[in-house]
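Asks: Provide a 3D model corresponding to the input given below.
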Amino acid sequence: MELRGSRDDGRGPVLHIVVVGFHHKKGCQVEFSYPPLMPDEGHDSNLLPEEWKYLPFLALPDGAHNYQEDTVFFHLPPLSADMKCVYGVSCYRQIEAKALKVRQADVTRETVQKSVCVLSRVPLYGLLQAKLQLITHAYFEEKDFSQISILKELYEHMNSSLRGSALEGSQVYLGLSPRDLILHFRHKVLILFKLILLEKKVLFYVSPVSRLVGALMTVLSLFPGMMEHGLVDSSHYRPKSSVSEDLSLVDSVSGVEEFVSVSAIDIANSNLELEADETAQPATESPSSGNNTEGDNQLLKPPSRTSPESSESDWETLDPSVLEEGGAKEAAEGKEAAPEQLSDAFDSKPGTPITVQPQAAIGQGGVTQGLLSGLEEDQYGLPLAIFTKGYLCLPYMALQQHHLLSDVTVRGFVAGATNILFRQQRHLSDAIVEVEEALIQIQDPELRKILSLTTADLRFADYLVKHVTENRDDVFLDGTGWEGGDEWIRAQFTLYLHSLLSSVLQQDNERLLADYGSSFIAAWKITHSFRVWFSNKHPAMTAVTPGHPFQGQYSVADMKLRLSHSVQNSERGKKIGNAMITTSRSVVQTGKAVGQSVGGAFTNAKSAMSSWFSTLAQPAAVTPPASPEEATEVKP
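Replies: Okay, the predicted model is just below:
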């Protein structure tokens, strides 16, 4: 797999090496850049392009002083029409001022805080982080920050070692472990996967930043092709016109509690947007003129209104003239084509055995420019065009970017934050993912219903958890393990998405879709990315068997799995668990009071209850169907 961004008109993949420091009077600021961020300025200039005004706050994160070192992944908007998303990796460290060999006059605090960051045109987060951590350590060991030669050497080394080479997927996924993600979130990983498919406003929250960006980007790595080619348009946002507007947000807040008020206008606007989302239908509009650029395939018209009443449907309007050029006129006539129109392009074979073992992708033919998405796609039409046309991916958001959560030009986001102010503004997000507790907080009961896992989904999630939690340490250490490993997990999610897309094409078989959740399918069909994917033909889909990989008749194991899921995650189940703990404590205390004989009886009862609940908590054994007969449809 080749990342073509590293070969554009001879330029290297690394754009700049930047040092950001904290000044006791000026706050976070750029202290060094090579090459200079502003062409007419020197490498020690503090000036920034307007589009990158948030760079200092992203590279030197909020609350960084609480940690000796940290790592940040962040995205910056392009500076010109011919550029794509700029991927930033920053390594932060702090050192005691008294340890410096050369102490500058402006060093007045006990500690010196700085970040060294790489701005790249390719998404090699883990690889860049590994190289950058070594250089940052060496830079600080000099104890003289005027020694910048090592940073210039880093720029030349990175560009010479990465330029013109084929970058394999294993390098893209370096440092991102789906295995650790499943060990922490367990079956909830699938809920996160489906939540992002619906293009909702998802906020990840945890400290430090390294843990935050690691969890967020690992979730995105489960989407086939997303890391390599799906994020190029994920940072197209407009910063505020002045820094004073950003600072007013912070200055107006004297305490955390004062920042959580919600005005009646905000609530009214959110209700209007919700109603618009539920009733919006695809509209036929003329092509947009103005900001279109060659090679970007500006096929979706931006919002024609800038008022708060502007809905997502403005961003999701396909340009019919472009569809006609591509031979996909059916998308301009309706969002769903007739089954007979799809039969020629997608020749499914219902008799093929369903398996969870991903088949080798034969004849994919690499990646090509997507007609509608503008992304580099494989023959399955992946990655999906999720992070396009106003849907942002911001692995880390600074407080100064808070306005993006309510910006009318932003139709959604997957973002990460460490400041509690983001978490307390719950009305600005559809879901808040608290990484520390592995909780997904969704306020809208309808969205919770849509995302509730079906029996087939629970089987799939339990199958993943079972393989990951098995003791395979010795297998992975000698390099021979695959089942339950990171690549295996990504392969399972690729199969899940392929099967989901293939099932949606079977318009006459609603039972296939019921395994994924009928309400989920209905919500997914109106998303921007699905409309783009559905509006073009993808030859490789003919080899994908429709139907959920874990479809089948209900069994006793399913009842146990469903009950275990309910006990662990529903509010009622949590109350039962808490009641059991409280009862157990009372039993012990009562037993001590009335004597050993009665206490022994109570203890036995307590043990029986604990044993029952522990049995429910254990994953049920789930095995893939071995034949078409076993892979029967789910009967309600």
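Asks: Quick check: which ranges of the stretch 201-350 of the chain have low pLDDT?
Replies: When residues are selected by pLDDT under 70, those of the stretch 201-350 of the chain lie in 241-350.
Asks: 50 instead, please
Replies: Scanning the stretch 201-350 of the chain for pLDDT under 50 picks out the ranges 243-350.
Asks: what are the ranges of the strands in this structure?
Replies: 14-23, 27-34, 69-76, 86-96, 111-120, 201-205, 368-369, 376-377, 391-394, 412-417, 431-434, 439-442 (DSSP state E).
Asks: Apart from its chain neighbours, what residue comes closest to K131?
Replies: Leaving aside its sequence neighbours, K131 sits nearest to M158 (Cβ to Cβ, 6 or more residues apart in numbering; 6.6 Å). Any C-beta I mention is one placed from the backbone N, CA and C, and that applies to glycine too.
Asks: From P383, how far off is the one you found?
Replies: 25 Å (Cβ to Cβ, to the nearest Å).
Asks: which of these two has more neighbours?
Replies: P383 (28 against 22; other Cβ atoms under 10 Å).
Asks: Settle this for me: the more buried one is touching M226, isn't it.
Replies: Yes: with contact defined as Cβ atoms under 8 Å, P383 and M226 form a contacting pair (4.5 Å).
Asks: where does this structure dip in pLDDT?
Replies: Checking the chain against pLDDT under 50 turns up 1-9, 243-357, 359-364, 597-599, 615-617, 619-623, 625-636.
Asks: switch to 70 and redo it
Replies: Ranges of the chain meeting pLDDT under 70: 1-10, 101, 103-108, 164-169, 241-365, 471-481, 553-636.
Asks: Check the burial of G366 by counting its neighbours.
Replies: With other Cβ under 10 Å as criterion, G366 counts 9.
Asks: what sits against it?
Replies: Applying Cβ atoms under 8 Å, 6 or more residues apart in numbering, we find G366 in contact with D378.
Asks: what about it, distance to D378?
Replies: 7 Å.
Asks: Equivalent analysis for K537, please.
Replies: K537 is 14 Å from D378, by Cβ to Cβ.
Asks: Quick check: K194 touching F520?
Replies: Yes: the criterion here is Cβ under 8 Å, and K194 meets it with F520 at 6.3 Å.
Asks: any common contacting residues for those two?
Replies: Counting by Cβ under 8 Å, 6+ apart, the residues touching both K194 and F520 are L451.
Asks: I'd say F74 and C85 touch.
Replies: No: F74 is beyond contact range of C85, at 10.5 Å (criterion: Cβ under 8 Å).
Asks: okay, these two: which has more neighbours?
Replies: Counted by other Cβ under 10 Å, F74 and C85 do not tie: F74 has more neighbours, with 27 against 21.
Asks: Burial check on G214, number of neighbours?
Replies: 24.
Asks: Distance check, it against I386.
Replies: G214 is 20 Å from I386, by Cβ to Cβ.
Asks: residue contacts, L392?
Replies: Per Cβ under 8 Å, 6+ apart, neighbours of L392: 75, 234-237, 404, 410, 412-415.
Asks: likewise F140?
Replies: F140 neighbours (Cβ under 8 Å, 6+ apart): 93, 95, 114.
Asks: close enough to count as contact, the last one and H23?
Replies: This points to K114. No: checked against Cβ under 8 Å, the pair K114 and H23 is beyond contact range at 10.7 Å.
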